[in-house]
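Have a look at this prediction, sequence included:
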Number of protein chains: 2
Amino acid sequence: MSETREHPGADPLSLDNQLCFAIYAASRALTGLYRELLAEMDLTYPQYLVMLVLWEHDTISVKDLGTALRLDSGTLSPLLRRLQARGLLRRVRGSDDERLVHVSLTDEGAQLRERARDIPERVVCSTDLPEDRIVELRTLLDRITQSVGDAAGALRAAR
Amino acid sequence: MSETREHPGADPLSLDNQLCFAIYAASRALTGLYRELLAEMDLTYPQYLVMLVLWEHDTISVKDLGTALRLDSGTLSPLLRRLQARGLLRRVRGSDDERLVHVSLTDEGAQLRERARDIPERVVCSTDLPEDRIVELRTLLDRITQSVGDAAGALRAAR
DNA sequence: AAGAAACTGGTTGTGCACAACTTAATTGTG
DNA sequence: CACAATTAAGTTGTGCACAACCAGTTTCTT
């Protein structure tokens, strides 16, 4: 086996490293695309995800939001604070259970939905994959997220 | 069906949102697994990627490193500084072209390779996917990274 | 009822990512 | 040669992501 290489991008990494890097690279590429698509609305991709959930639920606790997006309060708190500062949502401490904070849309936040309507289609076109491939891909990725999350959790527990 | 829904048959999240979120979630899950596996070496996943490249190349410019990992100097500069501070690598300004900085392994950095040997296998086991599925997945992801990167670049150029 | 345990959300600190800008070196062109 | 354009790396600023820790509530046990 020759070690000759002139292009650093073409070096052999083992199979799993290739896969992990592919997921990592695809995630960043996708975030970059959303950056362009969301620029006019001045939203980041994680902020857009929060808005997607709110457009469906209208009101939800920080905890449930974190469960849905698999993000903890250390990520969500400042993100929600920024969206609140922009007037897109409200946060009110629960009266029944004061540990809960309920997040809900303002009118402005609800209206933003219209401006975001065409984003899903634009993204799916940019992926340049037929629908059956997309479904296949998502299935495999969900499996990985599940099993890898379990494995990481097991390691964490054993630590 | 207790919820008022203005969209009768619509999915909670459209297909592309599911795919993008799946990639985003898988990427974070994988990073979390690497966090556990790399904890004893005190490396982050991006740092591990840099070390992987260096274990292959031994010496490489910051520019080529950025090309290989698709990261810019704003990300790499502080990351490399931290690895250098730990004594894992050196950075020397080029003598021929003084704009270039050449990154190379110290003995300690090279030795770390042994301790990282079993990580690829442990990760591939945690994914719980057969090899053919992994290859398939990587192929689809590479296609997405390519086309989405192109689309984002086109939007960026048109801005 | 009283204390222990669990839960929710928040803060702080570290480390990516990336845009925008700066500095210094090299290259291209007249 | 002069000098504009380009390139490489670094700096600064913003925003995730997550660990670790904290404060206030609730809930479980005794």
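Thanks, I have it.

Point me to the residue sitting closest to the centre of chain A.
A:Pro46 (5.2 Å; C-alpha atoms, centre = their mean).

For the host helix or strand of that one, buried residues please.
Element membership of A:Pro46, judged by DSSP states H and E, is helix A:45-57. By 16 or more other C-beta atoms under 10 Å in any protein chain shown, the buried positions in helix A:45-57 come out as A:Tyr45, A:Pro46, A:Gln47, A:Tyr48, A:Leu49, A:Val50, A:Met51, A:Leu52, A:Val53, A:Leu54, A:Glu56, A:His57. Just so you know, the C-beta spots here come from the backbone N, C-alpha and C atoms, and that holds for glycine as well.

name the helices or strands packed onto it?
helix A:15-38, helix A:62-69, helix A:73-85, strand A:101-105, helix A:107-115, helix B:15-38 (3 or more C-beta pairs under 8 Å, 6 or more residues apart in numbering or on different chains; DSSP states H and E).

so does the host helix or strand of A:Val135 get close to chain B?
In this assignment (DSSP H and E), A:Val135 forms part of helix A:131-157. Yes. Helix A:131-157 lies within reach of chain B by C-beta under 8 Å from any C-beta of the partner chain, at A:131, A:133-138, A:140-145, A:147-149, A:151-152, A:155-156.

Give the residue spans of chain A that score low on pLDDT.
Residues of chain A meeting the criterion pLDDT under 70: A:1-15.

Spell out which parts of it neighbour DNA strand C.
Residues of chain A lying near DNA strand C by C-beta under 7 Å from any atom of the strand: A:24, A:28, A:31-32, A:35, A:61-63, A:66, A:73-74, A:76-78, A:80-81, A:91, A:99-101.

Now the buried members of those residues.
Among the residues of chain A next to DNA strand C, the ones that count as buried by 16+ other C-beta under 10 Å are A:Tyr24, A:Arg28, A:Thr31, A:Gly32, A:Ser61, A:Val62, A:Gly66, A:Leu76, A:Leu80, A:Val101.
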